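[1] after the sequence you'll find the predicted model.
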Amino acid sequence: MKIGIDARMYGPKQGGLGRYVEQLVLELEKIDNQNEFVIFLRADNWNEYTPSKPNFKKVLANISWYGWQEQFKLTPIIKKEKVDLMHFPHWNIPLFYNDPFIVTIHDLILLHYSTRQASTLGPITYWFKNLLFKKVLRHAVNKAEHIITPSEFTKQDVMKNLNIPPEKITTTLLAPNQHYSNTTQQQFNNLTIQQFNITKPYILYVGVAFPHKNLEGLLKAWKIFCEKYGNNYQLVLAGKKNYFYQTIINNLTIQQFNNVTFIDFPSDSELSFLYKNASLFVFPSLYEGFGIPPLEAMQINLPVASSSSSCLPEILEDAAVYFDPNNYPEMADTIYSGLTNQNLRQNLQKNAIKLLAKYSWHETAKKTSQIYLMVDKSSN
């Protein structure tokens, strides 16, 4: 079988989705010697992947996502390779692609958080693009041979909101990035806490700043925390600086927030350093389809305080201490407990060791490969 993978979002620069594509491709290379794979990449991530086996090859598909070119120019590039099955790792599928494909639906943020607050577009452009995106999403789930979701929560969400039968969906768990736990002390030699403008023990958040990530809520809770428990800690926000992060930074300046530091797009070694030196990891999200950053923190033996929303209790189980993401005093108190309650911290660290054994990119690839074979058999 000849399988195509849309890897235009390949690599860490594209966040959790990019990590998923990257790790899936690399692990499939390790386990699949039978099938032929065509990996479609853009020019800006072309050099990030080099096939290491003869049954894998890469093809340039230098087309940005979510635009008109994706709808009209991507299909001919794929068809030229004559793949038997295409795997789209996100819902952004050309409406006129009619050959067999499977799709990974990571979450339904598009449906639950499709508000102007989550966009930089003007009202008319936003309305039109949002309408088109929802049409593309529904096309993806209805026309797909099979759907992959990263959690049971997302599976149920897809079944409920898009009216998809359960037998058409398989949950395939993701995994944390091993790089952070494998980083050596030698790689840290040139790094110091001071160079990141960190002067106190700190609470760490890693991720983007989209509205559903609830960083505004975290900052409200942080203000309560500092007023109630003092200014002995620092809050560190690490992520790619974009419009949403810049808005938060501007608000910090206007409101004169103390003890908050932003670190723009740290490298893997810098991020590993930040994880290893933090006192607590906080994850205030209102909605997630999986949630990789808390698991990455657990790999470094860093206790986690997490929102109790969406899939997070399913994914993190008893290895995190939870708070209502809309209850800011509760969030502040939970952060304080996570910092100061030594019995709680030890239990979280112990439970995290057991939890992490569940998650493996090898298993993700193995289960995905089984889905490829299942779809191939059912179509022949």
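    Happy to help now that I have it. Numbers count the residues shown, from 1 in each chain.

[2] for Glu29, see how far away Leu74 is.
    Plainly put, Leu74 is 23 Å away from Glu29 if you go by CB to CB, to the nearest Å. All C-beta spots, glycine's among them, are computed from the backbone N, C-alpha and C.

[3] higher neighbour count, the two?
    A count of neighbours by other CB atoms under 10 Å puts Leu74 above the other of Leu74 and Glu29, at 22 against 18.

[4] pull the contacting residues for Thr364.
    Residues counted as contacts of Thr364 (CB atoms under 8 Å, 6 or more residues apart in numbering) are Gln23, Leu24, Glu27, Thr172, Leu173, Leu174, Ala175.

[5] regarding the third one, what is its secondary structure?
    Three-state assignment for Glu27 (DSSP: H, G, I helix; E, B strand; the rest coil): helix.

[6] run a quick neighbour tally on Pro211.
    If you count neighbours by other CB under 10 Å, Pro211 ends up with 18.

[7] no no, Gln349
    By other CB under 10 Å, 15 other residues sit near Gln349.

[8] what helix or strand does it sit in?
    helix 342-356 (DSSP states H and E).

[9] quick check: next helix or strand after that helix?
    Using DSSP H and E, the helix or strand that directly follows helix 342-356 along the chain is helix 361-379.

[10] so, low pLDDT: which residues of the stretch 251-380 of the chain?
    Scanning the stretch 251-380 of the chain for pLDDT under 70 picks out 254, 256, 380.

[11] ok, now how distant is Pro284 from Gln194?
    The span separating Pro284 from Gln194 equals 27 Å under the rule CB to CB.

[12] more neighbours: the two, which one.
    Applying other CB under 10 Å to Pro284 and Gln194 shows that Pro284 carries more neighbours, namely 26 against 8.

[13] if I pick that one, what's in contact with it?
    Tyr205, Lys213, Asn214, Leu215, Gly217, Leu218, Ala221, Ser307, Pro325, Met331.

[14] ok, of the contacts of Thr364, which one's closest to Ile78?
    Closest approach between the contacts of Thr364 and Ile78, by CB to CB: Leu24, at 17.6 Å.

[15] could you confirm the closest one falls within a helix?
    Yes - assessed with three-state DSSP, Leu24 lies in a helix.

[16] burial count for it?
    By other CB under 10 Å, 24 other residues sit near Leu24.

[17] would you mind measuring from the residue lying closest to it once chain neighbours are set aside to Pro100?
    Nearest residue to Leu24, sequence neighbours excluded (CB to CB, 6 or more residues apart in numbering): Ala365, at 5.7 Å. Separation of Ala365 from Pro100 (CB to CB) stands at 20 Å.

[18] longest helix of the protein?
    Identified as the longest helix of the chain according to DSSP state H is helix 123-143.

[19] check which residues of that helix are buried.
    For helix 123-143, the neighbour count (16 or more other CB atoms under 10 Å) marks Tyr126, Asn130, Phe133, Val136, Leu137, His139, Ala140, Val141 as buried.

[20] report the contact partners of the fourth one.
    Residues touching Val136, when contacts are defined by CB under 8 Å, 6+ apart, comprise Trp91, Asn92, Ile93, Leu95.

[21] can I have the buried ones of the residues you listed as a PyMOL selection?
    Applying 16+ other CB under 10 Å to the contacts of Val136, the buried members can be selected in PyMOL as follows:
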select buried, resi 91+92+93
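
[22] can you confirm Thr334 is in a strand?
    No - Thr334: not assigned to a strand; according to three-state DSSP it is helix.

[23] so how far is Ile203 from it?
    With distances taken as CB to CB, Thr334 is found 11 Å from Ile203.

[24] which of those two has more neighbours?
    Using other CB under 10 Å as the criterion, Thr334 and Ile203 rank with Thr334 on top: 25 against 22.

[25] residue contacts, the more buried one?
    Contacts of Thr334 by CB under 8 Å, 6+ apart are Ala305, Val321, Tyr322, Phe323.

[26] so the last one touches Ser337, yeah?
    Looking back up the chat, that one is Phe323. No - using CB atoms under 8 Å, Phe323 is not in contact with Ser337; the gap is 9.5 Å.

[27] those two: who's more crowded?
    Looking at Phe323 and Ser337 with other CB under 10 Å, you find the greater number of neighbours at Phe323, namely 26 against 16.

[28] Ile335 versus the more buried one, what's the distance?
    Phe323 sits 8 Å away from Ile335, going by CB to CB.

[29] again with Glu317
    As for Glu317, its distance to Ile335 is 20 Å (criterion: CB to CB).

[30] who has more neighbours out of those two?
    Taking other CB under 10 Å, Glu317 and Ile335 do not tie; Ile335 has more neighbours (26 against 13).

[31] what about stretch 3-22, start to end distance?
    Terminal residues of stretch 3-22 are spaced 16 Å apart (CA to CA, to the nearest Å).

[32] and it, how far out from the chain's middle?
    In terms of CA atoms, centre = their mean, to the nearest Å, the centre of stretch 3-22 is set 11 Å apart from its chain centre.

[33] which positions in that stretch come out as buried?
    By 16+ other CB under 10 Å, the buried positions in stretch 3-22 come out as 3-12, 14-22.

[34] follow-up on the earlier one: what residues do Phe323 and Ser337 have in common as contacts?
    Ala305.

[35] quick one: secondary structure of Val38?
    Recorded secondary structure, Val38: strand (three-state DSSP).

[36] partners of it in the sheet?
    For Val38, the beta-bridge partners under DSSP bridges are Gly4, Lys57.

[37] that one and Ala7 touch, don't they?
    No - judged on CB under 8 Å, Val38 makes no contact with Ala7 at a distance of 9.6 Å.

[38] joint contacts of Phe323 and Ile335?
    Here Phe323 and Ile335 have Ala305 as joint contacts, going by CB under 8 Å, 6+ apart.

[39] any weak-confidence spans in the stretch 51-200 of the chain?
    The model of the stretch 51-200 of the chain has pLDDT under 70 over residues 114-128, 179-190.
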